[in-house]
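Trainee: the following comprises the amino acid sequence and a computationally predicted model.
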Amino acid sequence: MITLRPAEERGHADHGWLDTRHTFSFADYYDPAQMGFRSLRVVNEDRVLPSEGFPTHPHRDMEIVSYVLEGALEHRDSMGNGSIIRPGDVQRMSAGTGVRHSEFNASKEELVHFLQIWLLPEQRGLSPSYEQKLFPAQEKRGRLRLVASRGGEDGSVVIHTDARLYAGLLDAGEATSHVLQPGRHAWVQVARGQVKLNGREMKAGDGAAVTGEGLLTLEGTADGEVLLFDLA
């Protein structure tokens, strides 16, 4: 079964410096029917104006993944990490027992457009940790590239939950597939462009919950960028 979550039905807030859309309940947006899917708790699509951002704030007991689509995002945290996240980078921060961090648009001229993703960890009270890796476009072109997993397989960043995150770039006419093992579920999020999921049209901002499907086929129809979460 595939259940679509249309982009236009997401929560939306415009704070002036931040335009944000929430796939699942977050902050002032609350929908009891949209509290996450399996261990996936948050998929926020954020656009932040130049030199603006999120001041230092705390998190705990959450796996936080940032995926930049355009621009550059500057990260600083209480573990001493400081970095710039650009398209192709995947950043993972395990909040664990507690961490404070800030995220700002690193440019004085350009917008930064990114996805912030939260997954529930398998256990509470982990030691906070941080990781960031570059996955070049050629590794995602026409295929699903593993970018985050519990075991860090294939050079992916490590997340402390039973989930595997794939990223793919599909030009019009390109197709790839993913096998869901028995008992596994998937969430598909279209970051840009358009794709077909098992023949169903999806556009930028759309998501889809997948249960009971053995084979997922993704086909680009308008130069799509897609994330696929394989979830317990």
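Mentor: Received, thanks.

Trainee: quick one, phi/psi of residue 153?
Mentor: Backbone dihedrals for residue 153, given as degrees, to the nearest 10, come out at phi -60, psi 150.

Trainee: whoops, I mixed them up, residue 90
Mentor: phi -120, psi 120.

Trainee: that one bridge partners, please.
Mentor: residue 67, residue 133 (DSSP bridges).

Trainee: what about the host helix or strand of residue 226, distance to the chain center?
Mentor: Counting by DSSP states H and E, the element that carries residue 226 is strand 224-231. Chain-centre distance of strand 224-231: 8 Å, with Cα atoms, centre = their mean, to the nearest Å.

Trainee: what residue is smack in the middle of this structure?
Mentor: Residue closest to the mean C-alpha point of the chain, counted by Cα atoms, centre = their mean, is residue 117 at 4.3 Å.

Trainee: against which helices or strands is the strand holding residue 226 packed?
Mentor: Contacts defined by 3 or more Cβ pairs under 8 Å, 6 or more residues apart in numbering; DSSP states H and E place strand 224-231 against strand 163-170, strand 185-192, strand 194-197, strand 215-220. Where you see a C-beta, it was placed from the backbone N, CA and C, and this is true even at glycine.

Trainee: mind checking which of the ones you listed is nearest residue 53?
Mentor: Closest approach to residue 53 among these is made by strand 185-192 (20.3 Å; Cβ to Cβ).

Trainee: direction included, what does that closest one pair against?
Mentor: Short version: by DSSP bridges, strand 185-192 pairs with strand 207-211 (antiparallel), strand 224-231 (antiparallel).

Trainee: quick one: it to strand 163-170, angle?
Mentor: 40 degrees (axes from the mean of the first three to the mean of the last three Cα atoms, to 10 degrees).

Trainee: for the protein, which segments count as helices?
Mentor: In the chain, the helices defined using DSSP state H lie at 137-140.

Trainee: nearest residue to residue 83 in space, please, no chain neighbours.
Mentor: residue 75 (5.1 Å; Cβ to Cβ, 6 or more residues apart in numbering).

Trainee: go on, residue 188?
Mentor: Nearest one to residue 188, counting by Cβ to Cβ, 6+ apart, is residue 208 at 4.6 Å.

Trainee: got the strands paired with strand 185-192 as a markdown table, with distance to residue 15, mean pLDDT and mean neighbour count columns?
Mentor: Formatted as a markdown table, those follow (distance: least, Cβ to Cβ, whole Å; pLDDT from 0 to 100; neighbours: other Cβ atoms under 10 Å):
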| stretch | distance to residue 15 | mean pLDDT | mean neighbour count |
| --- | --- | --- | --- |
| strand 207-211 | 23 | 98 | 20 |
| strand 224-231 | 25 | 97 | 23 |
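
Trainee: so can I have JSON lines of the ones you listed showing distance to residue 195?
Mentor: Listed next are those as JSON lines, based on distance: least, Cβ to Cβ, whole Å:
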{"stretch": "strand 207-211", "distance to residue 195": "10"}
{"stretch": "strand 224-231", "distance to residue 195": "4"}
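
Trainee: select, out of those strands, the one closest to residue 177.
Mentor: Closest among those, once you apply Cβ to Cβ, is strand 224-231, at 10.4 Å.

Trainee: just the angle for the closest one relative to strand 215-220, thanks.
Mentor: Using the same axes, to 10 degrees: strand 224-231 against strand 215-220 is 160 degrees.

Trainee: run through who's touching strand 224-231.
Mentor: With Cβ atoms under 8 Å, 6 or more residues apart in numbering as the test, strand 224-231 has contacts from 37-40, 67, 69, 115, 117, 144, 162-170, 178, 180, 184-195, 216, 218.
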